[in-house]
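> Structure of the sequence below:
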Amino acid sequence: MKMVAVIVAVSSLIMTPAVVLAAGTGHSHDGDLAYGEPGDPSKPSTTIEIRMSEADDGKMLFEPDRITLKRGQQVRFKLKNRGEIDHEIVLATFEENMKHAIEMQKNPDMEHDDPNAKRLSPDQEGEIVWRFTKAGEFDFSCLIPGHRESGMTGTIVVQ
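Residues are numbered from 1 along each chain as shown. Presented below is the predicted three-dimensional model:
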């Protein structure tokens, strides 16, 4: 009986990291977050195109890198990777993106299946529909290691 208890205890220790990894990054997108909530694609929205690319000098960028919106506004971000390498966009608070950037350093190939994030290959297009429910200043960044540090970040001001 003791051996069974030891095996169960060891199994639970071994399985815990797998369960944590399977659970994802710990982000909850089921409710109203500091920066808003997933939008409803069937409802009217403002369309804003965001292009992702690299410059000849090595700088990586979003165009535009500053967006001003009104509280309650729903936006359909049309994303276009015009660069030669993969890029992503993650909408969040600055603090949340910095915390997530640390996780990305540990796992640079992390796939995002979140309504506030999208990773695109070169020449790929995608979209994020988001409703900004609170006023404030929010961040969008490419959190692939080295990209944010090379300038791939932007600000969303919600008035």
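
> where do the strands sit along this structure?
Remark: strands assigned in the chain by DSSP state E are 37-38, 46-54, 60-63, 66-69, 74-81, 87-92, 117-120, 125-131, 136-141, 153-158.

> May I have the beta-bridge partners of the closest residue to residue 118 other than its chain neighbours?
Using CB to CB, 6 or more residues apart in numbering and skipping the chain neighbours, the partner closest in space to residue 118 is residue 126 (4.6 Å). The way it works is simple: take the backbone N, C-alpha and C, and place the C-beta from them, glycine included. As for beta bridges, residue 126 partners with residue 79 under DSSP bridges.

> shaky segments in this structure?
1-32 (pLDDT under 70).

> Would you point out which residue is most central in it?
The residue lying closest to the centre of the chain (CA atoms, centre = their mean) is residue 90, at 2.4 Å.

> just the strands of the chain: most buried one?
Highest mean neighbour count among the strands of the chain (mean count of other CB atoms under 10 Å): strand 87-92, with a mean of 24.

> hmm, who's touching it?
Contacts to strand 87-92, defined as CB atoms under 8 Å, 6 or more residues apart in numbering, come from residues 33, 35-36, 50, 52-53, 60, 62, 77, 79, 81, 97, 100, 112, 114, 116-120, 128, 130, 138-144, 147, 152, 156.

> now do 7 Å
35, 50, 52, 79, 81, 97, 100, 112, 116-120, 128, 130, 138-144, 147, 152 (CB atoms under 7 Å, 6 or more residues apart in numbering).

> the inter-axis angle of that strand versus strand 125-131?
On the basis of axes from the mean of the first three to the mean of the last three CA atoms, to 10 degrees, strand 87-92 is oriented at 0 degrees to strand 125-131.
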